[in-house]
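Trainee: structure of the sequence below:
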Amino acid sequence: MEKTLVLIKPDAFKRGLIGEIITRFERVGLSLEEMKIVNATTEIVGQHYPDDKNWIRSVGKKTVDAYKKYNLNIAEDLGTDDALEVGNLVRKWLIQQITSGPIIAIILSGNHAIEVVRKIIGNTIPLFAELGTIRGDFSMDSPDLSIKEKRALQNLVHASSTIEEAKREISLWFEKVGNLLS
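Mentor: Predicted coordinates:
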């Protein structure tokens with residue numbers, strides 16, 4: 001059995017979608033191992049979204065590619081189309097978003113839990129998420145709108161994408177609690 005981390009972000013919390021989101025995981029047979037409401041500090045969220053050039057560049061590239069798909073010019077909105085620079089801005093906005101209000105941190109377990117959870121939540125960019133997924137059903141945000149508003153995508157949830165990432169994130173949110181959370 002695999003374990004994974006899910007964070008229900010402040011935008012979902014504010015909209016009252018917590019029960020709906022958790023129900024979707026339970027309906028497929030995933031087990032709820034642990035859950036807590038957290039007011040995250042900048043320090044813990046800064047560790048969650050790593051200050052790693054490869055990760056930051058990949059986030060920036062996804063954003064730049066989404067702009068290109070719709071023939072939009074990201075350099076007009078941000079003053080750059082460099083994936084690393086765009087990624088740094090997106091990381092900053094993600095940290096601001098996650099620390100803007102309470103979140104729900106959840107450990108789920110089950111057969112291929114990471115892959116199953118990723119299918120249930122849908123594409124990171126809600127505009128591209130299939131109907132029937134959490135993001136496809138409850139958000140229609142897109143990079144062009146979020147960048148114009150200088151904020152992170154409102155995509156409701158975060159879920160670990162690999163076993164290694166799940167182990168690191170579970171340790172961060174559930175074992176290193178100490179003074180990192182308020």
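Trainee: which helices and strands sit right next to the helix or strand Leu32 falls within?
Mentor: In the assignment (DSSP states H and E), Leu32 maps to strand 31-38. The contact analysis (3 or more CB pairs under 8 Å, 6 or more residues apart in numbering; DSSP states H and E) places strand 31-38 against helix 18-27, strand 103-110. To be clear about C-beta, it is placed using only N, CA and C from the backbone, and glycine gets the same treatment.
Trainee: so in that sheet, which strands flank the last one, and in what orientation?
Mentor: According to DSSP bridges, strand 103-110 has the following sheet partners: strand 2-8 (antiparallel), strand 31-38 (antiparallel).
Trainee: now do the SS call for the spatially most central residue of the chain.
Mentor: With distances taken as CA atoms, centre = their mean, the residue of the chain nearest its centroid is His158 (3.1 Å). Per DSSP: H, G, I helix; E, B strand; the rest coil, the secondary structure class of His158 is strand.
Trainee: tell me the helices and strands packed up against the helix or strand bottoming out on mean pLDDT in the chain.
Mentor: Within the chain, no helix or strand scores below helix 143-148, which has a mean of 88 by mean pLDDT, DSSP states H and E. Helix 143-148 sits against helix 53-69, helix 74-78, with contacts defined as 3+ CB pairs under 8 Å, 6+ apart.
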